[in-house]
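Q: can't give you the sequence, but here's the structure:
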């Protein structure tokens, strides 16, 4: 069996929660270690791995096949470029980069170097989104005319991670949570024709955007993606309305909470939502008005690494391509332009 030796560029929350457990679990990957700057913790969690002292040490390690760039957004372009030039395959955390130009350059470089390059959009493997995608695919709502995707929180405090609160390109909730929501919208409905956006800062001490509403225009459909840090009682995370009915679903994937609590993704009940979080379908079915609850399939972030392994071994596309990442950054850049100019931005030009 081919083994993909994998190194992380950090072992903070991203490394501990979203990557290391799944790399360690997957038989096709081997966790070689992580770059640790101050706290040296990875060897306590994963005995026998390395604690790298620098990115250069990772890149000089000839045994490393794959580098996971899971560091602050501002570093994504630079670290990914260095890794590709060093002959490494790369997984880069979302958002792919801060600009379209950076993203397109990295795509071209990966092709030139003949290396795999993928963006880590793990929310494609959430239980709630998997159910929504199933509802859309099965056309349970007929022709969808309106959809709304939320990712709301109630948190008036600034992030303890200073890099998330410094004004500048790549920071703020649109680049953070917005990248996930836009990716999900594109997975469901493809690339839109135009964008209109309202982006604001609500928390008194914040210097970065912590609220956005982005409207995506399609020929016969409007999709709204929205996030706010000042929502005490959340609305449904997914609201879809079509010619046959409506579907409502909460954001209820349990994986992140379980991972933070120290649970491992190997137990039999992994990723299963509480029954109380089932989605509500109210629609016409075979000429009859029905109202029923739908259970979500189990969420499973290891699915990302399953799909990535197939790209290494079977020549299949990586689970989230550079083009996927580019399209998301195009919409984010257009959203900021729309907000600044207070107008709809055409994406077909």
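A: Received it, and whenever you're ready, just let me know what you need. All values reported here derive from a predicted model rather than from experimental measurement.

Q: For the stretch 1-150 of the chain, which segments count as helices?
A: Counting by DSSP state H, counting those that start in this stretch, one finds helices in the stretch 1-150 of the chain at the ranges 13, 20-25, 42-45, 55-60, 76-85, 100-113, 127-137.

Q: Take those helices and write them to JSON lines, including mean neighbour count and distance to residue 67.
A: Where you see a C-beta, it was placed from the backbone N, CA and C, and this is true even at glycine. Converted to JSON lines, the helices of the stretch 1-150 of the chain look like this (neighbours: other Cβ atoms under 10 Å; distance: least, Cβ to Cβ, whole Å):
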{"stretch": "helix 13", "mean neighbour count": "13", "distance to residue 67": "18"}
{"stretch": "helix 20-25", "mean neighbour count": "22", "distance to residue 67": "12"}
{"stretch": "helix 42-45", "mean neighbour count": "15", "distance to residue 67": "15"}
{"stretch": "helix 55-60", "mean neighbour count": "17", "distance to residue 67": "6"}
{"stretch": "helix 76-85", "mean neighbour count": "21", "distance to residue 67": "4"}
{"stretch": "helix 100-113", "mean neighbour count": "17", "distance to residue 67": "12"}
{"stretch": "helix 127-137", "mean neighbour count": "20", "distance to residue 67": "27"}
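
Q: where are the low-confidence patches of the stretch 201-349 of the chain?
A: Judged against pLDDT under 70, the stretch 201-349 of the chain has no low-scoring part.

Q: just the helices in it please.
A: Using DSSP H, counting those that start in this stretch, helices in the stretch 201-349 of the chain cover 255-260, 302-314, 322-341.

Q: what comes up buried for the second one?
A: Spelled out, that is helix 302-314. Neighbour-count burial for helix 302-314, counted by 16 or more other Cβ atoms under 10 Å, picks out 302-305, 307-309, 311-312.

Q: ok so, going back, looking at the helices of the stretch 1-150 of the chain, which has the lowest confidence?
A: Lowest mean pLDDT within those: helix 13, at a mean of 91.

Q: Just the residues contacting that helix, thanks.
A: residue 260 (Cβ atoms under 8 Å, 6 or more residues apart in numbering).

Q: Try it again at 6 Å.
A: Helix 13 has contacts (Cβ atoms under 6 Å, 6 or more residues apart in numbering) with no other residue.

Q: thinking again about what came up before, take the helices of the stretch 1-150 of the chain and write them to JSON lines, including distance to residue 225.
A: Shown next, in JSON lines, are these (distance: least, Cβ to Cβ, whole Å):
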{"stretch": "helix 13", "distance to residue 225": "24"}
{"stretch": "helix 20-25", "distance to residue 225": "26"}
{"stretch": "helix 42-45", "distance to residue 225": "35"}
{"stretch": "helix 55-60", "distance to residue 225": "33"}
{"stretch": "helix 76-85", "distance to residue 225": "21"}
{"stretch": "helix 100-113", "distance to residue 225": "19"}
{"stretch": "helix 127-137", "distance to residue 225": "13"}
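
Q: and residue 34, which of those is closest to it?
A: When the helices of the stretch 1-150 of the chain are compared by Cβ to Cβ, helix 42-45 sits nearest residue 34, at 4.8 Å.

Q: Would you mind pulling the contact partners of the closest one?
A: Applying Cβ under 6 Å, 6+ apart, the contact partners of helix 42-45 are 11, 34, 49, 51.

Q: which of the residues you listed has the most neighbours?
A: residue 34 (29 neighbours; other Cβ atoms under 10 Å).

Q: who's in contact with residue 331?
A: Applying Cβ under 6 Å, 6+ apart, the residues near residue 331 are 182, 195.

Q: rerun that using 10 Å as the cut-off
A: By Cβ atoms under 10 Å, 6 or more residues apart in numbering, the contact set of residue 331 is 174, 178-179, 182-183, 185-186, 191-192, 195, 197, 214, 216, 225, 338, 345, 347.

Q: closest to residue 229 among the contacts of helix 42-45?
A: Among the contacts of helix 42-45, and counting by Cβ to Cβ, the member closest to residue 229 is residue 11, at 26.5 Å.

Q: The nearest residue to residue 266 once chain neighbours are set aside and residue 289: what is the separation?
A: Nearest residue to residue 266 in three dimensions, chain neighbours excluded: residue 25, at 5.7 Å (Cβ to Cβ, 6 or more residues apart in numbering). Separation of residue 25 from residue 289 (Cβ to Cβ, to the nearest Å): 44 Å.

Q: Repeat that for residue 218.
A: The gap separating residue 218 from residue 289 is 27 Å, by Cβ to Cβ.
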